[in-house]
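K.L.:
Below are the sequence and a predicted model; questions follow.
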Amino acid sequence: MNRTGLFIALSLVLVIGLLFGIYPELDLKLAALFYDAAAKSFPLKLNALAAIARDGAVCAGVVLNVPRGDEFTAVKGGGAFLNGQPMRVSSLREPGRALIGTGFPFKTLEMLPQYMAQFSLVMRGTAGIRRAGSAALDLSNVGCGRFDAFWELTLAPWDVAAGMLMVQEAGGIVTDLEGNPARPVGGAFVAGNPAMHAWLLQTVRRANMSKAQSE
């Protein structure tokens with residue numbers, strides 16, 4: 001069994017232990033463990049993710065991109081890895097050359113006008129925007145430098161728990177839209193390398209203010 005298999009097996013053991021009170025002194029919680037086939041499997045088909053949290057902070061995570069065979073792992077204070085090799089966020093500082101990941105608020109259409117205002121400003125200032133369909137993989141791809149930054153308005157805890165640790169351990173930043181450090185709870189998130197996170201956060205906030213003033 002490889003490291004990922006061991007990680008998921010450990011997660012299952014911990015879940016069973018928590019359910020039956022075998023390990024109450026560990027104060028560990030499984031933030032997410034499931035298979036995500038979002039957006040009818042396009043383009044990623046299948047990915048698996050797991051995150052273990054302690055005292056409200058994610059301490060270990062794994063995200064698998066099954067079709068590509070990519071294995072993202074991270075341990076708090078121990079770094080982030082892609083297929084066993086250390087990974088880092090991109091060093092890009094120029095928004096005009098940046099590739100940005102995002103997700104659409106398809107389940108909360110009342111947020112669409114706000115999102116479209118943000119999308120317009122981000123698109124005008126970058127090299128492009130991509131929507132792949134899995135926030136966990138989007139965040140992991142920020143961690144390994146495939147994306148320079150990422151934002152989304154409506155995410156669940158299991159969408160972000162493992163991925164946010166990937167970004168943080170790879171030298172990036174993850175916050176909410178107010179700039180507060182991200183927590184493994186639902187909501188809106190902005191992530192990126194330090195320079196691109198700052199730019200993207202400022203841009204989406206500027207879009208929000210512009211929309212508010214026009215109403």
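P.N.:
Yes, it's here. Predicted model, so just to flag it, every value in this text is computed and none were measured. Numbering: from 1, shown residues only.

K.L.:
what's in contact with the longest helix seen in the chain?
P.N.:
Taking DSSP state H as the criterion, the chain has its longest helix at helix 194-214. By CB atoms under 8 Å, 6 or more residues apart in numbering, the surrounding residues in contact with helix 194-214 are 89-90, 92-93, 95, 98, 100, 113-114, 117-118, 120-122, 125, 148-149, 151, 171-175, 177, 179, 190-192. In this view, the C-beta of every residue, glycine as well, is placed from N, C-alpha and C.

K.L.:
got the buried residues for that helix?
P.N.:
A195, M196, H197, A198, W199, L200, L201, T203, V204, A207 (16 or more other CB atoms under 10 Å).

K.L.:
tell me the mean pLDDT for it?
P.N.:
Across helix 194-214, pLDDT averages out at 89.

K.L.:
From the chain's centroid, how far away is that helix?
P.N.:
From the chain centre to the centre of helix 194-214 is a distance of 19 Å (CA atoms, centre = their mean, to the nearest Å).

K.L.:
sorry, back to before: reformat the buried residues of helix 194-214 as JSON lines; add distance to A74.
P.N.:
Shown next, in JSON lines, are those (distance: CB to CB, whole Å):
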{"residue": "A195", "distance to A74": "21"}
{"residue": "M196", "distance to A74": "19"}
{"residue": "H197", "distance to A74": "17"}
{"residue": "A198", "distance to A74": "22"}
{"residue": "W199", "distance to A74": "24"}
{"residue": "L200", "distance to A74": "21"}
{"residue": "L201", "distance to A74": "22"}
{"residue": "T203", "distance to A74": "27"}
{"residue": "V204", "distance to A74": "25"}
{"residue": "A207", "distance to A74": "30"}
